[in-house]
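**Student:** sequence first, predicted model second:
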Amino acid sequence: MANDVAALDAAFAEGPSTIRGDSGVALVGHEAIAAFRAGRRGAPPRTLLRVHTRPLGPDAAVIIAETLRADGLSGIQTQVWERGSGRWAVTVAHVSSGPGPAPAPVPVPAGTIARATPEATRHTTPASTCLTSLGPIWRVAPGSEALARGGTGPLGHARLAVKDLFAVAGQAIGAGNPVWLAQAPIESHHAPAVTALLDAGADLAGIAATDELAFSLSGANAHYGITPNPVAPHRLSGGSSSGPAAAVAAGLADIGLGTDTAGSIRVPASYCGLYGLRTTHGAVDRTGLVGLAPSFDTVGLLTRDADLLARAGAALLPRQRCEPITRIVVAPELLELLEPGARASFRAAVQALTLRAAATAEPLPPPVPVALTYPDAGGLDAIFTAFRTVQAAQAWALHGDFIGAHPDALAPDVAARFHAGRDIDTATQESAQRLLDAMRTELLRLLPAGTALALPSTSCAAPRHDADPAHLEAVRQATLRLTCLASLAGLPALSIPAVQADTLPVGLCLVAAPGQDLDLLALISSRDSWDQSR
């Protein structure tokens, strides 16, 4: 990756039998390979997405590296390494390239979202030249002008889609429910989170849809319809920040501003192949925001690329002490919650993450397996139950009066989640909270400054719209067991589109200590964005 010709020559085995192939020719012999390499002008920089290693015996192994160029061109480098004369060397190599750069997003009518037809399966493509109109993602649709113009700054007039939970001056907050919207006042000021991004140069493109009162992870709203997934047709987009995610994935916006209580940034980021940041609880002002469960609610961001996410995060977050991430840990039991077909891809993505900076700096050590210690004999299931108890109780305390006054305003499944908190007594809630506090202590012990826990963002790729309800509930339950850990401890969590389940995206999530939001972003972004975030 550094184009160090001498180092590359040394890595290949001497002699006439070494082979290097690509799409055009197979070069045989070390001399021919070295001459070819000396004559080219170097390979373009690439980002490691996944690195697969497989032993072929005690003295041989194969490595397959999946990479991505800045122009969207993907590639695979396959190498057979053999040990002889006391050292490892490449004896067979093959380099291949994938599809070319993704086309620019295609303009679509206001109020609709475009998505690729089923023939377009690459989830890195924001939109296809073959488009169909799926449905609304905006509650207040963008027209020829932005709803609000930003100033000059690092976000450079990036288009901002705001989840319909934030105050926007001149608009009412709809919260994904028409009865709520009918009673909502017109806001006189932007929420501070909106103002921060506008001040950094973003333009407010529109107010995007949300799941009903943010109490869902599906992206389906009984009143307004299913928010489409531009990168995975006929599949859910994930909620409750479904509108901002769909707008960003389709190329209709560059930044999505949303919230994350129990995964509402991480799930749509995973399903739509986006970068998503859940910020440290309390780090970003939540004034002007319709909440769900105040102990867990926090602000989050969605983008298509890491550098823009780093700049947006720097605009949104307060200054933080720099503690670079130098250690990745993995809890094997959490990996068991991921569908089996994606587990190998997850391991390869984590391995690639530790090697991403190897061309210019020391790579991170290999990921370290760790065992989670639970403060209850029920393990993760008990923690999940305690989280749901506290979340439901707080949600009812916040919105019970509205629900009681409008008993038919909510979809049955959403109403059932709120009603589950109605009858939770104080003693039960306090007992559950003590269990969560103990688990938070354990997570803080496991994650000192500079350490990140890698886990799947969701338990699988986006389910189909028409999946059996029992399957959808099983997916929800498994995913919440993954997402609740960062939520209950108030930790920052970064979802990156690094895992694949067949051709569908799944997020790799990194969770770190409180206040390490910018350090997580620095791990995956360029040096320029890292410097700006400080």
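**Tutor:** Right, received. Where do you want to start? Numbering: from 1, shown residues only.

**Student:** any low-confidence regions in the stretch 101-250 of the chain?
**Tutor:** Low-confidence segments of the stretch 101-250 of the chain (pLDDT under 70): 101-135, 144.

**Student:** all helices for it, in order.
**Tutor:** 178-183, 192-199, 242-249 (DSSP state H, counting those that start in this stretch).

**Student:** please apply the same query to the stretch 301-450 of the chain.
**Tutor:** Using DSSP H, counting those that start in this stretch, helices in the stretch 301-450 of the chain cover 306-316, 332-335, 340-355, 379-405, 412-420, 426-446.

**Student:** could you dump those helices into CSV with mean pLDDT, mean neighbour count and distance to Ala93 added?
**Tutor:** For the C-beta atoms, the positions are set from N, CA and C on the backbone; glycine is no exception. Formatted as CSV, these follow (pLDDT from 0 to 100; neighbours: other CB atoms under 10 Å; distance: least, CB to CB, whole Å):
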stretch, mean pLDDT, mean neighbour count, distance to Ala93
helix 306-316, 97, 24, 28
helix 332-335, 97, 15, 30
helix 340-355, 95, 19, 17
helix 379-405, 98, 19, 43
helix 412-420, 96, 16, 53
helix 426-446, 98, 15, 39
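
**Student:** which one of the ones you listed lies closest to Glu31?
**Tutor:** Among these, helix 340-355 comes nearest to Glu31, with 29.1 Å by CB to CB.

**Student:** ok, residues contacting that closest one?
**Tutor:** 48-53, 65-66, 328, 330, 335, 338, 363-367, 454, 456, 460-461, 498-502, 506, 508, 523-524 (CB atoms under 8 Å, 6 or more residues apart in numbering).

**Student:** what is the residue nearest to Val28 when sequence neighbours are not counted paired to in the beta sheet?
**Tutor:** Once flanking residues are discounted, Val28 sits nearest to Ile19: 5.6 Å by CB to CB, 6 or more residues apart in numbering. Ile19 forms beta bridges with Val28, Val92, as assigned by DSSP bridges.

**Student:** tell me which element the residue nearest the centre of the chain is part of?
**Tutor:** Centroid-nearest residue in the chain: Ser495, 2.8 Å away (criterion: CA atoms, centre = their mean). Using DSSP states H and E, Ser495 maps to strand 493-501.

**Student:** what mean pLDDT does the helix or strand just after that strand have?
**Tutor:** With elements assigned by DSSP H and E, the helix or strand that comes after strand 493-501 is strand 504-511. Averaged over strand 504-511, pLDDT sits at 97.

**Student:** neighbouring strands - and their directions - for strand 504-511?
**Tutor:** For strand 504-511, pairing defined by DSSP bridges yields strand 451-456 (antiparallel), strand 493-501 (antiparallel).

**Student:** Ser237 is nearest to which of those?
**Tutor:** strand 493-501 (14.0 Å).

**Student:** who does the helix or strand hosting Val51 pair up with?
**Tutor:** Val51 is part of strand 46-57 when elements are defined by DSSP H and E. With DSSP bridges as the test, strand 46-57 is paired with strand 60-69 (antiparallel).

**Student:** alpha carbons of the strand it pairs with, as PDB, please.
**Tutor:** The C-alpha coordinates for strand 60-69 follow below in PDB (Å, rounded to 0.1, in the frame of the first residue of the first chain):
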ATOM      1  CA  ALA A  60       1.700 -22.500   3.900                       C
ATOM      2  CA  ALA A  61      -1.300 -20.200   4.200                       C
ATOM      3  CA  VAL A  62      -3.600 -18.200   1.900                       C
ATOM      4  CA  ILE A  63      -4.600 -14.600   2.500                       C
ATOM      5  CA  ILE A  64      -7.400 -12.800   0.700                       C
ATOM      6  CA  ALA A  65      -7.700  -9.100   1.100                       C
ATOM      7  CA  GLU A  66     -10.800  -7.200   0.000                       C
ATOM      8  CA  THR A  67     -10.100  -3.500  -0.700                       C
ATOM      9  CA  LEU A  68     -11.800  -0.300  -1.800                       C
ATOM     10  CA  ARG A  69     -10.400   2.700  -3.700                       C
END
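
**Student:** name the helices or strands packed onto the helix or strand containing Asp519?
**Tutor:** Here Asp519, judged by DSSP H and E, is contained in helix 517-524. When contacts are defined as 3 or more CB pairs under 8 Å, 6 or more residues apart in numbering; DSSP states H and E, helix 517-524 sits against strand 275-278, helix 306-316, strand 493-501, helix 527-533.

**Student:** redo that, cut-off 10 Å
**Tutor:** strand 275-278, helix 306-316, strand 451-456, strand 493-501, strand 504-511, helix 527-533 (3 or more CB pairs under 10 Å, 6 or more residues apart in numbering; DSSP states H and E).

**Student:** count the neighbours of the nearest residue to Gly313 once chain neighbours are set aside for me.
**Tutor:** Spatial nearest neighbour of Gly313, excluding adjacent residues (CB to CB, 6+ apart): Leu521 at 5.1 Å. Counted with other CB atoms under 10 Å, residues neighbouring Leu521 total 27.

**Student:** thought Leu521 was touching Pro492?
**Tutor:** Yes: applying CB atoms under 10 Å, one finds Leu521 in contact with Pro492, separated by 9.2 Å.

**Student:** how near is the residue nearest to Gly313 to Ala184?
**Tutor:** 33 Å (CB to CB, to the nearest Å).

**Student:** identify the residues contacting the residue nearest to Thr441 when sequence neighbours are not counted.
**Tutor:** Nearest non-adjacent residue to Thr441, counting by CB to CB, 6+ apart: Pro375, 8.0 Å away. Listed by CB atoms under 10 Å, 6 or more residues apart in numbering, the contact set of Pro375 reads Ala382, Ile383, Ala386, Arg434, Leu435, Leu436, Asp437, Ala438, Met439, Arg440, Thr441, Glu442.

**Student:** the fourth one against Ala386, yeah?
**Tutor:** Read it as Arg434. Yes: if you go by CB under 10 Å, Arg434 and Ala386 touch, sitting 8.5 Å apart.

**Student:** quick check: buried residues in stretch 154-168?
**Tutor:** 154-155, 158-168 (16 or more other CB atoms under 10 Å).

**Student:** kindly report the same for stretch 60-80.
**Tutor:** If you call a residue buried by 16+ other CB under 10 Å, then stretch 60-80 has these buried ones: 61, 63, 65-69, 73-77, 79-80.

**Student:** quick one: terminal-to-terminal distance for it?
**Tutor:** Taking CA to CA, to the nearest Å, stretch 60-80 runs 7 Å from one end to the other.

**Student:** what of stretch 249-269?
**Tutor:** 9 Å.

**Student:** go on, stretch 442-452?
**Tutor:** 14 Å.

**Student:** off-centre distance for that stretch?
**Tutor:** 20 Å (CA atoms, centre = their mean, to the nearest Å).

**Student:** could you tell me how many residues sit around the nearest residue to Ala191 once chain neighbours are set aside?
**Tutor:** Excluding the flanking residues, the one nearest Ala191 by CB to CB, 6+ apart is Gly288, at 3.0 Å. By other CB under 10 Å, the residues close to Gly288 number 19.

**Student:** one more: the one 4 residues further on?
**Tutor:** Taking other CB under 10 Å as the criterion, the count of residues near Leu292 is 24.

**Student:** likewise Ala474?
**Tutor:** Residues lying near Ala474 (other CB under 10 Å) number 15.

**Student:** so who does Asp425 touch?
**Tutor:** For Asp425, the contacting residues are Ala393, Ser431, by CB under 10 Å, 6+ apart.
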